[in-house]
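1. Curious how this folds, go ahead:
(one chain, ligands or ions: 1)
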Amino acid sequence: MKIHINGKYYDKDEAKVSVFDHGFLYGDGIFEGIRVYESNVFKLDEHIKRLEYSAKAILLNLPWSHAEIAEAVCETCRRSGVTDGYIRLIVTRGAGALGLSPKTCKEPQLIIIADQIQLYAPEIYEKGLKIITSATRRMGPAALPPMIKSLNYLNNILAKIEAANLGFQEAVMLNNEGYVAECTGDNLFVLQGGKLFTPPVSSGSLTGITRQVVLDIAAELGVPVVESMLTRYDLWVAEEMFLTGSAAEIIGVVEVDHRKIGSGVAGPVTGRFLEAFRARVAKEGTKL
Ligand code: PXG
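-> Residues are numbered from 1 along each chain as shown. This next block holds a predicted model:
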């Protein structure tokens, strides 16, 4: 494995950032989680675009062009021998003096790791996930816009811990108004009356790239999609439900807050979307 840090490649044990990096001290930074399938980096341009938007939103000037970042991602995969896996791309504010102000941080750090990820055991994709709603609300756009994929994940981590403490692997997070936003690391879809429903990004969720792929697949399959505010009730009575994310891909949900969803196994529409998704990732993407 070779890790990219600002244009240089290091062995795993040699890849280090300063303890004065504001990414470490304050969570002052942004990231992307990207997948590579059969030597194709999936939706690389979309991920870099979102990274650029995140950077703009936190007033961090990226000293690298879109093309340079794309090449660095591919080169990290090549040097790490990763043809199928997970790419973690991080941009931190860089090392500076103690204190919140980013003014003393002169050089942002671009870190790229290519490795493996398995969020859920393979059988969960057939059996489906059981999840709960967490009492921890999703941070709202007035505090920290959830569209920014920032290094501040404590909000989501607290919800994840809450779920784990109750024996569940994932949690639904509501926004401040009590509408469904998303899960801790995934967007969410429900099927009702032949239509897919998903909270709009304005509910306070990440502009998920897998979410967009699902919208594209829905158009292709002729399944209508409605982006509307959802309540917990809408989840409880859903015919099917699934989560989407670069790490989780498309995973069926079979129980929410102890209410069985559909027949209690991952539903047929979920299956069709997962199949269509797998067909896309195998052939689309930026060639290494
Ligand atoms: N919401 C949140 C809060 C996320 O963090 C998604 C939705 C799905 O977005 P994408 O663009 O991936 O479809 C995410 C992304 C991990 C991991 O290490 C988490 C994500 C992606 C990759 C890895 O747990 N979440």
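2. so the residue in the stretch 1-150 of the chain that the ligand sits nearest to, which of the three states?
-> Scanning the stretch 1-150 of the chain for the residue nearest the ligand gives residue 33, at 2.6 Å (criterion: CB to the nearest ligand atom). (C-beta placed from N, C-alpha, C; glycine too.) The three-state label for residue 33, taken from DSSP: H, G, I helix; E, B strand; the rest coil, comes out as strand.
3. Identify the residues contacting it.
-> Residue 33 is in contact with 86, 87, 88, 89, 117, 245, 246, 247, counting by CB atoms under 8 Å, 6 or more residues apart in numbering.
4. nearest residue to it other than its sequence neighbours?
-> For residue 33, ignoring the flanking residues on the chain, the nearest one in space by CB to CB, 6 or more residues apart in numbering is residue 246 at 4.8 Å.
5. State the pLDDT value of the one you found.
-> pLDDT, the model's per-residue confidence, is 97 for residue 246.
6. what does the helix or strand containing residue 49 contact?
-> Here residue 49 sits within helix 44-57, counting by DSSP states H and E. Where contact means CB under 8 Å, 6+ apart, the residues beyond helix 44-57 that reach it are 30-32, 34, 61-62, 66, 69-70, 73-74, 89, 91, 145, 147-150, 207, 209, 212, 285-286.
7. Give me the mean pLDDT for the helix or strand where residue 114 lies.
-> Secondary-structure element containing residue 114, defined by DSSP H and E: strand 109-115. The pLDDT scores in strand 109-115 average 98.
8. Next to the ligand, which bits of the stretch 51-200 of the chain? Give me the list.
-> If contacts are counted using CB under 6 Å from any ligand atom, the residues of the stretch 51-200 of the chain sitting beside the ligand are 156, 182, 185, 186, 187.
9. ok, the residues you listed vs the ligand, which is closest?
-> residue 185 (3.7 Å).
10. The nearest residue to that closest one once chain neighbours are set aside pairs with what?
-> With CB to CB, 6+ apart as the measure, residue 245 is the residue that lies nearest to residue 185, at 5.6 Å, once sequence neighbours are left out. Legend: beta-bridge partners of residue 245 under DSSP bridges are residue 249.
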